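Enquirer: Dropping the sequence and predicted coords here.
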Amino acid sequence: MLFSLPNLLTMSRIAAIPAVVATFFFDDPVSHWLAVVLFVAAGITDWADGYWARRLNQQSPFGRFLDPIADKLLVAAVVLMLVASSVIVHVHVLAALVILCREILVSGLREFLAEVKVGLPVTRLAKWKTAAQMMALTSLLVADSLPGDEVVLWIGLLFLWLAAALTLVTGFDYLRVGLRHMMGPQAQPLGEPIAGKQGRAAP
């Protein structure tokens, strides 16, 4: 199952990260468009791996572990490079920081909740957050290579703030779930997991 189609799609998303990062070292329209193509293709694999895992009945613990990590690595790499290349500047860096901090928070919650056999189900709001994030990063990647680049840049920044706002809301929801299991009577010491529901990890 390690090299099943869904897992290969997920691993391809991780493999695309160095290529996307490399495009930032070339300041020309071709590199900008290449970054967009790679980023969008990687985003499509995020949908495709889940679809084929269900269609082929090839869902696996490895896939559930790797899928959210691949998403977070891709988003974090692109956000950091956009900040480093001064596409995201000034107060807009705060929106990028909110997104990155939320990804770290959710990763920590997933690690804790995995110990007590509790999953973080994907919410509809989290899906909207992911869509806004994709729109923001795609627009910011290509902003310098389109006519009316200032308009595209501001569209990207608008979606970045929308993603940051949704990030705060969904992050709070996931934190509330985590705290309920940390502080509630069902909380167990490490090594004494409780029974609970399992599902796809939160994006």
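Expert: Happy to help now that I have it.

Enquirer: Off-centre distance for the helix or strand of the chain with the lowest mean pLDDT?
Expert: The weakest-scoring helix or strand in the chain, judged by mean pLDDT, DSSP states H and E, is helix 92-115 (a mean of 83). Mean C-alpha position of helix 92-115 versus that of the full chain (C-alpha atoms, centre = their mean, to the nearest Å) differs by 10 Å.

Enquirer: Which stretches in this structure count as helices?
Expert: For the chain, applying DSSP state H gives helices covering 5-23, 29-55, 61-84, 92-115, 124-142, 149-183.

Enquirer: pLDDT weak spots in the protein?
Expert: 1, 111-122, 148, 184-203 (pLDDT under 70).

Enquirer: now with 80?
Expert: 1-3, 61-65, 106-123, 144-149, 173-203 (pLDDT under 80).

Enquirer: hang on, the earlier thing: who does the least confident helix or strand of the chain touch, helix- and strand-wise?
Expert: Contact analysis of helix 92-115 by 3 or more C-beta pairs under 8 Å, 6 or more residues apart in numbering; DSSP states H and E lists helix 61-84, helix 149-183 as its packing neighbours. To be clear about C-beta, it is placed using only N, CA and C from the backbone, and glycine gets the same treatment.

Enquirer: Mind putting the helices of the chain into JSON lines with mean neighbour count?
Expert: Formatted as JSON lines, the helices of the chain follow (neighbours: other C-beta atoms under 10 Å):
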{"stretch": "helix 5-23", "mean neighbour count": "18"}
{"stretch": "helix 29-55", "mean neighbour count": "17"}
{"stretch": "helix 61-84", "mean neighbour count": "18"}
{"stretch": "helix 92-115", "mean neighbour count": "17"}
{"stretch": "helix 124-142", "mean neighbour count": "20"}
{"stretch": "helix 149-183", "mean neighbour count": "17"}
